[in-house]
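1. no sequence on hand, only this structure:
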């Protein structure tokens, strides 16, 4: 019976540690969510190239310009012109985007997320 009276649950230090962990992961999710939402915009812009009429007759510079315009419309901030690679091989055009986003978390602790997406477009 005396054993049950001494066990009363978590201590104040236990609660503080639990709340600190919850707060840390909440901050992490809130800081990283916009990066992933932006990646989905980049991926959908790239996928839309596969259904674009006459994309096979465009030069790589024109495709890059079209893609950058779509990124501008979709409010994609972290992709630059240098992050877009376009190459033609085997009757296909491969368009890829690879970029990194660095987000401050707490103090001098940053989270770095790397994203990469590639699509193939037929040239016929």
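-> Structure received. Quick caveat, the model's predicted, so the values are computed rather than measured. Numbering: from 1, shown residues only.
2. against residue 34, how distant is residue 115?
-> Distance of residue 115 to residue 34, given as C-beta to C-beta, to the nearest Å: 13 Å. Every C-beta, even on glycine, is put in place using the N, C-alpha and C of the backbone.
3. all strands in the protein, in order from the N-terminus.
-> 84-89, 92-106, 109-122 (DSSP state E).
4. could the ones you listed go into JSON lines alongside mean neighbour count?
-> Putting the strands of the chain into JSON lines (neighbours: other C-beta atoms under 10 Å) gives the following:
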{"stretch": "strand 84-89", "mean neighbour count": "14"}
{"stretch": "strand 92-106", "mean neighbour count": "15"}
{"stretch": "strand 109-122", "mean neighbour count": "13"}
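5. so which bits of the longest helix along the chain are buried?
-> Counting residues, the longest helix found in the chain (DSSP state H) is helix 12-49. The neighbour-count check on helix 12-49 (16 or more other C-beta atoms under 10 Å) flags 31, 35, 38-39, 41-42, 45-46, 49 as buried.
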